[in-house]
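Enquirer: Build me a model from this:
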Amino acid sequence: MQKKNYVEKEVLTNHLTNMRPNKRTPEQLKQLSKDVVEYYFNNPHANSSKYMQQKFKASEKIIRDILSAEFERRLENSITRRMLNK
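Expert: This is a model prediction of the structure:
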């Protein structure tokens, strides 16, 4: 029983130390988006979700949302270009 409580406390403590004290402003989120996308495409060997969470001090959801939006934008751009070239 004590082992379980210790593990829960350790996980909670690690989670709290990785959290940012304040919410990001829209300008900071825009800069974070640019940084995450640039890092993701320039470093294919080190773009795992956990590593990026630690590097940018962001949650997995934020990183996932940023990358999803970028992939969607690139897909729309490629479809538009294909239609224009026909």
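Enquirer: can you count the residues close to Met52?
Expert: A total of 22 residues lie near Met52 under the criterion other C-beta atoms under 10 Å. The C-beta positions use only the backbone N, C-alpha and C, and glycine is treated the same way.
Enquirer: thought it was touching Tyr40?
Expert: Yes: contact criterion C-beta atoms under 8 Å: Met52 and Tyr40 qualify, at 7.4 Å.
Enquirer: What is the burial count for Tyr39?
Expert: Tyr39 - counted by other C-beta under 10 Å - has 15 other residues nearby.
Enquirer: Thought Phe56 was touching Asp35, still the case?
Expert: Yes: contact criterion C-beta under 8 Å: Asp35 and Phe56 qualify, at 6.7 Å.
Enquirer: residues contacting Met83?
Expert: If you count contacts by C-beta atoms under 8 Å, 6 or more residues apart in numbering, Met83 has none.
Enquirer: Assign it to helix, strand or coil.
Expert: Secondary structure, DSSP: H, G, I helix; E, B strand; the rest coil: Met83 is helix.
Enquirer: State the pLDDT value of it.
Expert: pLDDT, Met83: 81.
Enquirer: where exactly do the helices run in the protein?
Expert: Using DSSP state H, the helices of the chain run over residues 2-18, 26-42, 49-56, 60-85.
Enquirer: Could you find the closest non-adjacent residue to the residue nearest the centre of the chain?
Expert: Nearest residue to the geometric centre of the chain (C-alpha atoms, centre = their mean): Ile63, 1.5 Å. In this structure, Ile63 finds its nearest non-sequential neighbour in Met52, 5.3 Å apart by C-beta to C-beta, 6 or more residues apart in numbering.
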